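> I'll drop the sequence and a predicted model, then ask my questions.
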Amino acid sequence: MTAGRQLFEPFIKFLPKNIYLNLTIAVKALGSFKLRTSLAITGVVLGTLSLITVANTSRSMELKTITDLEMFGKNLLTVKSGLMRGHGSPSDLAQSNRLTLDDARAIRESLTAVKTVAPAATRTFPVKYRNTTVTGTMMMGIPVEFFKLKKIPVSQGRLFTEEDEKEMRKTVITGSKAAEKLFKGGAPVGKIIFVNQAACEVIETLPPMAVDLSGIDEDNIIYVPLSTFMKRLANTTATINLIYVEAVSEAAVERLKGDIEALLRKRHNIKKGERDDFTVTDLRDINAMQTKTMKIVVTLGMITSAISFTISSIGILSVMILMVDERKVEIGIRRAAGAKKRDIALQFLTEVSFISLMGAAVGLITGIGLSLGISAIAKIPFAVSLPGVVISLAASIVTGIASGIYPSIKAMEIQPAGILRN
């Protein structure tokens, strides 16, 4: 513990004299119970670690949701062909083709609450570049209107134009993951790839965007002009499986969702009591589901933290009671030398505060590091939750003080005359 005392000496010597003395005694006393003190600190570390990690991850998920909504608009509805088990897995989208361009046109022309409509089609094709063949990459045919909905940044190349759409040019935009699989880190723009044996020119590669709110891995998509996709790749003239619809305002989203469902049921001749052959999804509903899930995770994290802090309080209490029993002579001498009961109580409260703050500091640093790792693996923004930091520090201090009350009272009850006589 000598090294520990040397570590804290430069910091505590600038404190007021009585606090400096109490901390010096605390470090020396706790050094006599290294194992017990370490176990007590570990409990606080685990409680702080779980609380900080859950709070930071929750905040990161909130930022991810905000980013997704900003990229795809807050007033967006997606119409997917078929009854989806999830939210846009490539396999589900590829197997359902019950929507048509006429459906998209009817939504645009019949419903006044519509601002923008962008039909899209998806299918999985083998993609080849030189000797590299990639399977499982989703191709998505999109119109120019798609870029009015989604904020796609341009880095080295360009996005699709109306000429690409009209002339059915075989141009593609690759996601970052798809580009890495094909080009192994090389520059993709200007290269020729083969999609279903059709030669296509790469005109842009997108930065990493991860999985969007609807569950689609945007990094593993290759975008193609919709007309090119339908007539030159998929050999179809009308069938699609996705329609993106932007409402004129946030207030109009809920009403527009019902109007779209009623319109498509009528167009698809779905009778009353029959199930829809399409799914209309509001991204806000997905956001609400994710928020609800995160609340459950946060609640479980809070429970885990509470259990850890409870265990640590028991550990601190046990350590301090043992220290009181084994330091009766010290306490008696200090009382005989003029120390008051409140000085003895302050000494033991200082020691438990030192234990709790040490555990909080280690837990805080470890929790931030763990949160950073989770953000990197899950590809979500890294964030530190200030409320989580404040709550964890407060919980640590309360745990320490609460655990030190009884040992402090027990120490104050020691009579110096009896100790000196023994």
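Arrived safely. Treat the numbers as computed from the prediction; the structure is a model and nothing was measured. Numbers count the residues shown, from 1 in each chain.
> OK, contacts around E62?
M294, A383 (Cβ atoms under 8 Å, 6 or more residues apart in numbering). From N, CA and C alone the C-beta is placed, and that goes for glycine too.
> can you tell me the element the spatially closest residue to A360 that is not a sequence neighbour falls in?
Leaving out its chain neighbours, the residue that sits closest to A360 by Cβ to Cβ, 6 or more residues apart in numbering is S396, at 3.6 Å. S396 belongs to helix 386-412 when assigned by DSSP states H and E.
> coming back round to it: neighbours around the residue nearest to A360, how many?
Neighbourhood size, S396 [other Cβ atoms under 10 Å]: 27.
> wait, doesn't it sit right on G359?
Yes - the pair S396 / G359 is scored as a contact, 6.2 Å apart, by Cβ atoms under 8 Å.
> what's the overlap in contacts for the two?
Contacts common to S396 and G359, judged by Cβ under 8 Å, 6+ apart, are V44, G47, T48.
> doesn't the second one fall inside a helix?
What that stands for is G47. Yes - judged by DSSP: H, G, I helix; E, B strand; the rest coil, G47 forms part of a helix.
> am I right that it is in contact with S308?
Yes - G47 is within contact range of S308, at 3.5 Å (criterion: Cβ under 8 Å).
> which one's more surrounded, those two?
Between G47 and S308, counted using other Cβ under 10 Å, the more crowded position is G47 (28 against 24).
> residues contacting the more buried one?
Contact analysis of G47 by Cβ under 8 Å, 6+ apart lists S305, A306, I307, S308, F309, S312, G359, G363, S392, A395, S396, T399.
> which residues sit in contact with L76?
L76 sits next to L149, Y244, V245, E246, A247, L283 when contact means Cβ under 8 Å, 6+ apart.
> just the buried residues out of those, in ChimeraX syntax.
In ChimeraX, this line selects whichever of the contacts of L76 come out buried by 16 or more other Cβ atoms under 10 Å:
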select :149,244,245,246,247,283
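> which among the contacts of L76 gets closest to L370?
L283 (29.6 Å; Cβ to Cβ).
> in a markdown table, list the contacts of L76 along with pLDDT, distance to V329 and secondary structure.
A markdown table is the format used below for the contacts of L76 (pLDDT from 0 to 100; distance: Cβ to Cβ, whole Å; DSSP: H, G, I helix; E, B strand; the rest coil):
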| residue | pLDDT | distance to V329 | secondary structure |
| --- | --- | --- | --- |
| L149 | 84 | 78 | helix |
| Y244 | 92 | 79 | strand |
| V245 | 93 | 81 | strand |
| E246 | 91 | 79 | strand |
| A247 | 91 | 78 | strand |
| L283 | 74 | 70 | helix |
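> from the contacts of L76, pick the one nearest K341.
Taking Cβ to Cβ as the measure, K341 sits nearest to L283 out of the contacts of L76, at 63.3 Å.
> my guess is the closest one meets T65, correct?
No - between L283 and T65 there is no contact under Cβ under 8 Å: 9.3 Å.
> chain center to stretch 202-211, what's the gap?
How far stretch 202-211 lies from its chain's middle: 21 Å, per Cα atoms, centre = their mean, to the nearest Å.
> need the residues that contact that stretch.
Stretch 202-211 has contacts (Cβ under 8 Å, 6+ apart) with 64, 71, 152-160, 171-177, 179, 188-193, 217-219, 379-380.
> what about burial for these, which qualify?
Among the contacts of stretch 202-211, the ones that count as buried (16+ other Cβ under 10 Å) are 64, 71, 152, 157, 159-160, 171-177, 179, 188-189, 191, 193, 217-219, 380.
> just the residues you listed: which are in helices?
K64, M71, S176, K177, A179 (DSSP state H).
> farthest pair within these?
With Cβ to Cβ as the measure, no two of those lie farther apart than K64 and A179, at 22.2 Å.
> closest to P416 out of the ones in helices among the buried ones among the contacts of stretch 202-211?
P416 lies nearest to K64 out of these, by Cβ to Cβ, at 62.1 Å.
> which residue packs closest to that closest one, ignoring adjacent ones?
The shortest distance from K64 to any non-neighbouring residue, by Cβ to Cβ, 6+ apart, is to I380 (4.5 Å).
> quick check, pLDDT for that neighbour.
As predicted, I380 sits at a pLDDT of 81.
> gap between it and I66?
Distance, I380 to I66, by Cβ to Cβ, to the nearest Å: 11 Å.
> right, and L393 touches A360 too?
Yes - in this structure, L393 is within contact of A360 by Cβ under 8 Å, at 5.4 Å.
> can you check which residues contact both of the two?
Common neighbours of L393 and A360 (Cβ under 8 Å, 6+ apart) are T48.
> grab the most central residue of the protein for me.
For the chain, the residue sitting closest to the mean C-alpha position, by Cα atoms, centre = their mean, is M61 at 3.1 Å.
> break this protein into its domains for me.
Domain assignment for the chain by automatic domain parsing gives 33-66+289-421, 76-248.
> can I get those in JSON lines with distance to E261?
Listed next are the domains of the chain as JSON lines, based on distance: least, Cβ to Cβ, whole Å:
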{"stretch": "domain 33-66+289-421", "distance to E261": "19"}
{"stretch": "domain 76-248", "distance to E261": "9"}
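> where does pLDDT dip in the stretch 201-350 of the chain?
210-215, 287, 290 (pLDDT under 70).
> what about the strands in it?
Secondary structure of the stretch 201-350 of the chain (DSSP state E, counting those that start in this stretch): strands located at 221-225, 239-240, 242-247, 278-282.
> what do you get for the stretch 51-200 of the chain?
Taking DSSP E, counting those that start in this stretch as the criterion, the stretch 51-200 of the chain contains strands spanning 76-81, 99-100, 114-124, 127-129, 132-134, 138-142, 171-174, 192-195, 198-205.
> can I get the ones you listed in JSON lines including distance to E254?
Output for these, formatted as JSON lines (distance: least, Cβ to Cβ, whole Å):
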{"stretch": "strand 76-81", "distance to E254": "10"}
{"stretch": "strand 99-100", "distance to E254": "21"}
{"stretch": "strand 114-124", "distance to E254": "14"}
{"stretch": "strand 127-129", "distance to E254": "39"}
{"stretch": "strand 132-134", "distance to E254": "41"}
{"stretch": "strand 138-142", "distance to E254": "26"}
{"stretch": "strand 171-174", "distance to E254": "33"}
{"stretch": "strand 192-195", "distance to E254": "39"}
{"stretch": "strand 198-205", "distance to E254": "35"}
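> which ones are touching the residue nearest to R284 when sequence neighbours are not counted?
Counting by Cβ to Cβ, 6+ apart, R284 lies nearest to V253, which is 7.2 Å off, once chain neighbours are set aside. Listed by Cβ under 8 Å, 6+ apart, the contact set of V253 reads N75, L77, A247, D282, R284.
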